[in-house]
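show me how the following folds:
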Amino acid sequence: MSSDILSMQSSRDSKNNTPKGLEKAAKRTTIILGKEEREYVDSLISSGKEAGIKPLISKLLDIYRNLMVCDWRFPGEYYCGISRTAFVNVELLNLLIHQIPREKWREISRKMGAALKVCIETTLDVSVVTRTNWDGVFHRLRVQGFGEFYTKDRYLLAKTPFIGEPEIMAGILEGLLNVELDLKNTVPPLVFEVRRDLVAAPVR
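Take a look at the predicted model:
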C-alpha cells in the first residue's frame, strides 16, 4: 500500500474563533466558576491539555454547536437530526457485534450505514449523500465519535475508528456512502479502496 495513503491530511478548514472585523464589537461575559471547577480548569491548563480558559470555552461551544443539541436531555442523550443519540461504551457495542454471526456482519452493517445516512442527510439538510458532500458527512462522523475519515484518489482512510471490526466498518461506510469498498488492511488506520458507486437501497 502506498505510503501516501496513510499520511492523508485532514481537509477540514481551520476556523478563527473571532470573525475578522468584529474584535472591537465583541461583548464581554463574566463566568464565575466554583472552587472545584476552577481548580479542574487550572489542572487542564497546567498539564498542557488545554492552552487556556478562553480556548477551552471556545472548544466547548464549538462541540455544543456541532452536536446540534436542539433537545438535550442530560446526562448523555440528545437528538441529532431525527435520531436519538447517546454516549455508548465501545465495549458494550463489541459485545452486541459478537452476538451476530460473522458471515452476516457486512450485510447487517450495510443496513446500519443506510440508517445512519438518513440521520446525516436530515442533519446536514441534504437530499442525498454524494461525493460532493462527503467532507460534511465525515465531519459529522468525527463529531459523533465514529473516528476520522479522509479520502485520496480512490482510497478512503478510517483513522481511529470507534468500531474496530473492519468488516463492520466497511459495511457501515458502504451503506452510508452507497459504494462498494475493498478492504486493504485489518488494523487501524483502515484503508479501503472505493471500487464503484452503488444504487441507493431503501432502509428496511
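
tell me the mean pLDDT over the helix or strand harbouring Arg38?
According to DSSP states H and E, Arg38 maps onto helix 35-46. Per-region confidence: helix 35-46 scores 94 on mean pLDDT.

elements contacting it?
helix 53-66 (3 or more Cβ pairs under 8 Å, 6 or more residues apart in numbering; DSSP states H and E). Just so you know, the C-beta spots here come from the backbone N, C-alpha and C atoms, and that holds for glycine as well.

and the helix it packs on, what other elements does it pack with?
Secondary-structure packing of helix 53-66 (3+ Cβ pairs under 8 Å, 6+ apart): helix 35-46, helix 134-143.

okay, the ones you listed, which one's buried deepest?
helix 134-143 (a mean of 19; mean count of other Cβ atoms under 10 Å).

related to what we said a few turns ago, can you put the helices and strands packed on helix 53-66 in CSV and add distance to Ala170?
Converted to CSV, those look like this (distance: least, Cβ to Cβ, whole Å):
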stretch, distance to Ala170
helix 35-46, 37
helix 134-143, 14
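
of the ones you listed, which is nearest Ser83?
helix 134-143 (11.1 Å; Cβ to Cβ).

using PDB, write out every CA atom in that closest one.
Extracted in PDB, the C-alpha atoms of helix 134-143 (Å, rounded to 0.1, in the frame of the first residue of the first chain):
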ATOM      1  CA  TRP A 134     -18.500  13.600   1.700                       C
ATOM      2  CA  ASP A 135     -16.500  16.200   3.700                       C
ATOM      3  CA  GLY A 136     -19.600  17.300   5.600                       C
ATOM      4  CA  VAL A 137     -20.500  13.600   6.200                       C
ATOM      5  CA  PHE A 138     -17.000  12.800   7.500                       C
ATOM      6  CA  HIS A 139     -17.200  15.900   9.800                       C
ATOM      7  CA  ARG A 140     -20.500  14.600  11.300                       C
ATOM      8  CA  LEU A 141     -18.900  11.200  11.800                       C
ATOM      9  CA  ARG A 142     -16.000  12.700  13.600                       C
ATOM     10  CA  VAL A 143     -18.200  14.900  15.800                       C
END
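
after that helix, next one along is what?
Next along the chain from helix 134-143, counting by DSSP H and E, comes strand 148-152.

that following strand - what's its average pLDDT?
Averaging pLDDT along strand 148-152 yields 93.
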